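**Q** Below is the sequence, then the predicted model.
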Amino acid sequence: MRIYSPMIEKQMQSYYESLSEKDRRRYAAIEAKKLGYGGIQYISKLFGCNYRTINKGIADLEQQSLINSPRIRRPGGGRKKALSSIPGINEAFLMVIESHTAGSPMDEELKWTNLTRQQIADALAEKGISVSVTVVDQLLLKHQFHKRKAVKTNACGSSEHRNEQFEKIESLKNEYFFQGNPVISMDSKKKS
């Protein structure tokens, strides 16, 4: 079934491609209704759209409130964000980074974590919450974590007891925390 000439079909396709999603389905619906029987199939093939899209356009045209609406889709359409759809994601995230959080002694608003985005995603997966690093980025932003920029480029040396001192600090921190005492991290060097 060929209704229009190839030149007119090409112009119609070009015009169809320039429209928004809402206007495309309505234009396709008008063209299909003009043609009558077999019109939906012909227009569907011409524009490369699904027949359901044309039926939706026909339904749109029959509802005056939808014709005057500036929206392209109904409110609430689309997939919900992981931050709002996954229960307990914020609490799990904060538990994962709790012992891996540090901050600036000069700016109490500035805080960061030493975990990579992938490490956070893997730790969340262990808690039964499977998310991508993109969602981890959103969590870091929501909870106001910043990327820490490395300042030191060369190591000053190593000590054979380096790990032991950090393990000692961690055990003292946990001991004081469970006794109800405050735990404060302090850096003895001030930035100038």
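**A** Structure's in. What do you need? Residues are numbered from 1 along each chain as shown.

**Q** Would you map the helices across the chain?
**A** Ranges of helices in the chain, per DSSP state H, are 6-17, 21-35, 39-47, 51-62, 64-67, 82-85, 89-97, 117-126, 133-142, 162-178.

**Q** Look up how far residue 36 lies from residue 52.
**A** 19 Å (C-beta to C-beta, to the nearest Å). In short, each C-beta sits where N, CA and C put it, glycine included.

**Q** quick one, which of the two is more surrounded?
**A** Using other C-beta atoms under 10 Å, the more surrounded residue of residue 52 and residue 36 is residue 52, with 11 against 8.

**Q** so how far is residue 31 from that one?
**A** From residue 52 across to residue 31, the span is 16 Å (C-beta to C-beta).

**Q** What of residue 44?
**A** According to C-beta to C-beta, residue 44 and residue 31 sit 10 Å apart.

**Q** the more surrounded of those two?
**A** Using other C-beta under 10 Å, the more surrounded residue of residue 44 and residue 31 is residue 31, with 21 against 18.

**Q** Now for the more buried one: which residues touch it?
**A** Residue 31 makes contact with 12, 39, 43, according to C-beta atoms under 8 Å, 6 or more residues apart in numbering.

**Q** Please tell me the pLDDT value assigned to the first one.
**A** The predicted structure scores residue 12 at 91 on the pLDDT scale.

**Q** That one: how many residues sit nearby?
**A** Here the count is done by other C-beta under 10 Å, and residue 12 has 17 residues near it.

**Q** ok, now how distant is it from residue 110?
**A** As for residue 12, its distance to residue 110 is 57 Å (criterion: C-beta to C-beta).

**Q** pLDDT-wise, which helix or strand of the protein ranks last?
**A** Lowest by mean pLDDT, DSSP states H and E among the helices and strands of the chain is helix 64-67, with a mean of 66.

**Q** May I see the helices of the chain arranged in CSV, with distance to residue 105 as well?
**A** Converted to CSV, the helices of the chain look like this (distance: least, C-beta to C-beta, whole Å):
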stretch, distance to residue 105
helix 6-17, 57
helix 21-35, 52
helix 39-47, 63
helix 51-62, 59
helix 64-67, 58
helix 82-85, 30
helix 89-97, 19
helix 117-126, 24
helix 133-142, 21
helix 162-178, 16
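
**Q** By mean pLDDT, show me the worst of these.
**A** Among these, helix 64-67 carries the lowest mean pLDDT, a mean of 66.

**Q** which one of the contacts of residue 31 is nearest residue 26?
**A** residue 43 (11.9 Å; C-beta to C-beta).

**Q** Domains in the chain, by residue range?
**A** 6-67, 79-148 (automatic domain parsing).

**Q** How many neighbouring residues does residue 50 have?
**A** Residue 50, neighbours per other C-beta under 10 Å, totals 12.

**Q** give me every residue that touches the nearest residue to it once chain neighbours are set aside.
**A** Spatial nearest neighbour of residue 50, chain neighbours left out: residue 44 (6.7 Å); criterion: C-beta to C-beta, 6 or more residues apart in numbering. With contact taken as C-beta under 8 Å, 6+ apart, residue 44 is in contact with 28, 32, 50, 51, 53, 54.
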